[in-house]
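Q: Structure of the sequence below:
(2 chains)
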Number of protein chains: 2
Amino acid sequence: MKLEKLVGERFKEKPSDCTVESHALMVRGGYMKYVANGIYSSYMPLKRITRKIEQILREEMDAIDGQEVQFPVVMPASLWQESGRYESIGKELVRFNDRNESPLVLGMTHEEAAVGLVREYGQSYNKYPFMIYQIQTKFRDEARPKSGLIRVREFTMKDAYSFHTSQQDLEQYYDKCHKAYERIFARCGIPEVISVASDSGMMGGSISHEFMLLTGIGEDSIAICPECGYKANMEAADSIVINQKTQPSEQLKEVYTPHQQTIADVCAYLNSDEKASCKAVVYQRNIDDKYVVLFLRGDLEVNETKLTNYLGFEIHPATITEDCGLQAGFIGPYNLNGDYIVLLDNSLKGLNNVVCGANKQDYHYTGLDMERDLPNAEYHDFAKIKEGGICPCCKKPAITISRGIEVGNIFQLGTKYTKSMGMTYIDSEGNTKNPIMGCYGIGVGRLAAAICEVHHDDYGPIWPKAIAPYQVHLCAVRPDNQEVKDIADDLYQKLLDKGVEVIYDDRNVSAGIMFSDADLLGVPLRVIVSPRNVKQGVVEMVARDKSFSLTAPIENALQEILNKL
Amino acid sequence: MKLEKLVGERFKEKPSDCTVESHALMVRGGYMKYVANGIYSSYMPLKRITRKIEQILREEMDAIDGQEVQFPVVMPASLWQESGRYESIGKELVRFNDRNESPLVLGMTHEEAAVGLVREYGQSYNKYPFMIYQIQTKFRDEARPKSGLIRVREFTMKDAYSFHTSQQDLEQYYDKCHKAYERIFARCGIPEVISVASDSGMMGGSISHEFMLLTGIGEDSIAICPECGYKANMEAADSIVINQKTQPSEQLKEVYTPHQQTIADVCAYLNSDEKASCKAVVYQRNIDDKYVVLFLRGDLEVNETKLTNYLGFEIHPATITEDCGLQAGFIGPYNLNGDYIVLLDNSLKGLNNVVCGANKQDYHYTGLDMERDLPNAEYHDFAKIKEGGICPCCKKPAITISRGIEVGNIFQLGTKYTKSMGMTYIDSEGNTKNPIMGCYGIGVGRLAAAICEVHHDDYGPIWPKAIAPYQVHLCAVRPDNQEVKDIADDLYQKLLDKGVEVIYDDRNVSAGIMFSDADLLGVPLRVIVSPRNVKQGVVEMVARDKSFSLTAPIENALQEILNKL
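A: Numbers count the residues shown, from 1 in each chain, chains lettered A, B, ... in the order given. Presented below is the predicted three-dimensional model:
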């Protein structure tokens, strides 16, 4: 391929709407183009990268006995009604009617389609286990697409579904798939990806892991314990707080705290420690706007995933109206009257001498003793784990928090879908049972962007060999020099004949433009034929990752290039 | 792959909803499964076939300098508003709103997306020509999906778009693509595909060709002239009718024709030739239901494509109301008064002594002379060409009509999209111009089904080697015989080691079940290890297409199989 003919533009200026490097570089390098919010077209360099990733995914899925199938993008609503998700999933699921007013949805995941495909097939225990997978376009109407290909609405995904007759068999397969994922990320050039325990969210099931590439721009927070190796998505990590009463309990006392509405303000005003305060966070239930009032220790944050899982329904941050009975900024657990769902976080358990709202404009309490003043309270875990927090595994206060991009996930789904959708098999003793499922996803575009995020410099991506759009970037600097042109043309043809993926820049442009374009394409090996080199009888070979830069005699150039690949 | 593990069911009974063989066989063989009207999932055998087809498409598109890109499935309505197709296309285009009420569409073709991707890139003449293509899922809300994968709503398509600075350059590329298509169909095992002139329909542009696989179940009718080689889709073929007055003109006379409403009835009743009659076919304009009355010779049929192209708006068959002024069954061109769009087909030109409706209940005219009685009439071509009709090319009355499945199409689009969407370039003299486009499509699933339609027997598909899901179907008949099992296992392993795609049936089932399953999978070469063969020291090799059946000594079996592939 001649660079001159490559469709797409490369340019220097960082687009103003790009907040992460992978996005900026992939726009600047002519990899992708904005079509609509969270929707992009790919130019050939990106298409070549994603095809290589897809081939790696295919090989590794085939290696664990996966069978490649294809589900539709558009599905009848009835299929999603069977599982209950047509109702339970929010606006992420695109719903529309066809010309006959039949309700359809756009596939954002394919558990329903997978069960639909195999439920007649899998009627006898001896068909199990099996795994089917596809690599297909999906659409999820994200509220806030961002960061280029990291969080989009339309995406290509490898999604796999396994079916088993016992939990033990699922677990064995789950481990096998875990190892396949490790191989996939290693082959794609990011062996540093770690797997962390995760929340199963809307997928159902219990055990699940996310594969995280740690980077500052990651949207996920991961709790890691360097002491014992515990790793979990913060969404899923238990927050453990152990309170000890260091002082005798004071009396409960109403104090005037004018205009002190945040817990930080109040504590500063009263000269009290936030760890001895109780703050309220208020939500409303989506379906009827009923208030959910959650109390937790003032220094902690709410983990909304755990909260939603506990509640079993969707919520949103509350709008506190004048007549709802809640005193915004002054809400406390003592003497709170009204038709609210009231929840207490574990972090409050056993505290005394607590500052909290008095449910009265401009007043707080001091001296609250949780046991004494709220004797029948129930506590649950709704808080985010903190840096330095107690490890849920080894119990040492050693937790560190890192940011990461989720590049893959695996779930043990159990019988959630097979039960709701009536998929059964007859076991060896003649009993009717529901198969147990696992599911396993990797987003192709996000993976490409994540790799770029950790493999780039200021000038462009540095693609790992296995997924690079080309292996060799051949530059003929000053192709108007006949000798340069002849040598470069000859090398180009010989590389093509050897089946090497080569992009050839023989444009009559400055070396500066040539090299900055090459940097943006991020091809592992750059080969330079220039008047100066030719005079010395050599070509130059430079690694994009700067690991080497050397010259080879022109007559050995082909062999040297092949050796380097 | 062991057949025992292959997900999907194979069965004998023809499903009642399958009207064509490819559909029935692909359902019976475990290739595909119904999800919704015109929407299917694919099991692995079909996925393997379509992947091979896609690879052939990719190679041939790359060979004519195509660059693989990817457009989104979901696009903003605004992109389609630019070209005007958001309004002009009917319900086939799925329209819906996202969570923010932004209007979106599902891609049924990607001219708009293609222009959107390259309009900034292609601003200078020296970037041209170039071609971009994708292989992607599309959705078209067909009114009447049918025939399995032949006419679906969701489909995978290779669609390519070329951009040029002159009509001549487009034509050269168009020819190149035509030849690439011939190679594609030949490689897929259907070299007999012919290209025919076609109607450009909603795509815009002028010259276009469809690639047709002739088969009785085809939805398209193709006019072929065996004399000169003219080939055209009936939709696009000119109908030439030359009338000669053989008798002197009689007087125009109103005759009583009670209850004779069809032209055939009237002609029989009046003992007149249909070729000397004039029939009316009535439509209504979609937007306002205004009547369109078309007259043509009684023995001919309306070509609605030509009619719609002439009118420039969408129409539907009329509902003739009591007060509309039209006398259903008695409508004629003479003395027809009312606010109708009235059209006359070429086939009426120069006729005399014509029978036609008298625009009065139970009355017809006889003796109509078109020139005399309708002196200012204009005639156009609205009729379907007929078997035995005049060839528009060599003018001999030699036309034959065949049925065919359209397996590909190529269009010269001109500047329809670049103009409407404001894509321009600066030519070498500094002038601003619109690039000229071509587009080129092949539906992957339909192609697979079409191949099956012409390559099958009563027992299953007979897949051409290049697209077969596997190359060898190895049967261990009576695997409970240890010798059979050992020899077959050994052969299986050796074939895998050689990289041969082999499906291995070592189930403990009858030879009958084994062979009928093998027939349904349609793999080119069947290799049978059975107790009887083993006793003779041989294995059996049978071609699925019955071109050979032979035995080979066990020790040479591997080599013989490799020779046959």
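
Q: all strands for the stretch 301-450 of chain A, in order.
A: Using DSSP state E, counting those that start in this stretch, the strands of the stretch 301-450 of chain A run over residues A:315-317, A:341-345, A:354-360, A:363-368, A:379-380, A:400-414, A:425-426, A:432-433, A:436-443.

Q: Revised request: answer the last question for the stretch 101-250 of chain A.
A: A:103-106, A:130-139, A:154-164, A:194-197, A:208-214, A:220-224, A:231-233.

Q: Check which residues of the first one are buried.
A: Taking 16 or more other C-beta atoms under 10 Å in any protein chain shown as the basis for neighbour counts, the residues of strand A:103-106 that come out buried are A:L104, A:V105, A:L106. All C-beta atoms are positioned from the backbone trio N, CA, C, and that covers glycine.

Q: Tell me, how many residues neighbour A:N100?
A: A count of neighbours around A:N100, defined by other C-beta atoms under 10 Å in any protein chain shown, yields 9.

Q: need the contact list for A:V529.
A: A:L474, A:C475, A:A476, A:V477, A:V484, A:I487, A:A488, A:L491, A:V539 (C-beta atoms under 8 Å, 6 or more residues apart in numbering or on different chains).

Q: Name the SS class of the fifth one, please.
A: So the one you mean is A:V484. helix (DSSP: H, G, I helix; E, B strand; the rest coil).

Q: Touching, it and A:R532? I think so.
A: No: taking contacts as C-beta atoms under 8 Å, A:V484 lies outside contact range of A:R532: 9.8 Å.

Q: Show me which of these two is the more surrounded one.
A: A:V484 (22 against 12).

Q: any idea of the pLDDT on the more buried one?
A: A:V484 carries a pLDDT value of 97.

Q: Could you do A:S200 as well?
A: 66.

Q: Would you mark the buried spots in the one helix or strand A:D490 maps to?
A: Using DSSP states H and E, A:D490 sits in helix A:482-497. Within helix A:482-497, the residues scored as buried using 16+ other C-beta under 10 Å are A:V484, A:I487, A:A488, A:D489, A:L491, A:Y492, A:L495.

Q: Then stretch A:503-520?
A: A:I503, A:Y504, A:D505, A:D506, A:M514, A:F515, A:S516, A:D517, A:A518, A:D519, A:L520.

Q: For the helix or strand where the last one lies, name the packing helices and strands.
A: If I follow you right, that is A:L520. In the assignment (DSSP H and E), A:L520 maps to helix A:511-521. On a contact count with 3 or more C-beta pairs under 8 Å, 6 or more residues apart in numbering or on different chains; DSSP states H and E, helix A:511-521 meets strand A:460-461, strand A:472-476, strand A:502-505.

Q: so can I have JSON lines of these showing distance to A:V115 and mean pLDDT?
A: Output for the helices and strands packed on helix A:511-521, formatted as JSON lines (distance: least, C-beta to C-beta, whole Å; pLDDT from 0 to 100):
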{"stretch": "strand A:460-461", "distance to A:V115": "39", "mean pLDDT": "98"}
{"stretch": "strand A:472-476", "distance to A:V115": "46", "mean pLDDT": "98"}
{"stretch": "strand A:502-505", "distance to A:V115": "45", "mean pLDDT": "98"}
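
Q: Which among the ones you listed is found nearest to B:T19?
A: strand A:502-505 (49.7 Å; C-beta to C-beta).

Q: Can you spell out which helices and strands pack onto that closest one?
A: So strand A:502-505, by 3+ C-beta pairs under 8 Å, 6+ apart, packs with strand A:472-476, helix A:482-497, helix A:511-521.

Q: Spell out which helix or strand contains the residue nearest to A:V342 when sequence neighbours are not counted, please.
A: Closest residue to A:V342 in three dimensions, ignoring its sequence neighbours and counting by C-beta to C-beta, 6 or more residues apart in numbering or on different chains: A:V293, at 5.1 Å. Using DSSP H and E, the element containing A:V293 is strand A:291-297.
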